[in-house]
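Colleague: Got a predicted structure plus its sequence, pasted below:
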Amino acid sequence: MFDFRDLFQWDRFITPTIIKTCYGLAIALICLFGISGIFSGLAAMAVSPFGGFIVLLSSIAGVVVGIIFARIAAEFILIVFRINEHLGAIRDQSGTR
């Protein structure tokens, strides 16, 4: 993780650690909403079997799509920071500031 002193130093970014934590929270929220949608779909099946089945399938599809998009967003942010680190290493090798 990161140390409390990292908050006051600019040698290391703390955002990649925060992004990983936010990704975990996003996955948890997506799963909770998915479970809620599944239960709603099952409850709706008592009223309208076809409508409830559609809600059930859309909830499952929403969970899958949500997890994929959350991962893509987290990886995009991490890639931007990795590019910054690599550019800094290239700058340090060339000796220019």
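Modeller: Looks like it arrived, so ask away. Residues are numbered from 1 along each chain as shown.

Colleague: what about stretch 50-62, distance to the chain center?
Modeller: Centroid separation for stretch 50-62 versus its chain: 23 Å, with CA atoms, centre = their mean, to the nearest Å.

Colleague: Check which helices and strands the helix or strand hosting F69 is in contact with.
Modeller: Applying DSSP states H and E as the criterion places F69 in helix 49-94. Counting by 3 or more CB pairs under 8 Å, 6 or more residues apart in numbering; DSSP states H and E, the packing neighbours recorded for helix 49-94 are helix 15-44. Glycine gets a C-beta too; all of them are placed from N, C-alpha and C.

Colleague: which secondary structure elements does the helix it packs on contact?
Modeller: Applying 3+ CB pairs under 8 Å, 6+ apart, one finds that helix 15-44 contacts helix 49-94.

Colleague: Just the mean pLDDT for the helix it packs on, thanks.
Modeller: Helix 49-94 comes out with an average pLDDT of 92.

Colleague: now it: how far from the chain's centre is it?
Modeller: That offset, for helix 49-94, works out to 6 Å (CA atoms, centre = their mean).

Colleague: what do you get for stretch 8-23?
Modeller: Here the centre of stretch 8-23 is set off from its chain's centre by 14 Å, with CA atoms, centre = their mean.

Colleague: That one: which residues count as buried?
Modeller: Applying a neighbour-count criterion of 16 or more other CB atoms under 10 Å, one finds P16, I19, Y23 buried in stretch 8-23.

Colleague: likewise stretch 18-38?
Modeller: I19, Y23, A26, I27, I30, G34, G37, I38.

Colleague: what's the closest of these to I72?
Modeller: The closest of those to I72 turns out to be Y23 (CB to CB; 10.6 Å).

Colleague: List the residues that contact that closest one.
Modeller: In this structure, Y23 makes contact with A70, R71, A74, judged by CB atoms under 8 Å, 6 or more residues apart in numbering.

Colleague: can you put the buried residues of stretch 8-23 in a markdown table and add pLDDT and distance to L57?
Modeller: Listed next are the buried residues of stretch 8-23 as a markdown table, based on pLDDT from 0 to 100; distance: CB to CB, whole Å:
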| residue | pLDDT | distance to L57 |
| --- | --- | --- |
| P16 | 79 | 36 |
| I19 | 90 | 31 |
| Y23 | 95 | 26 |
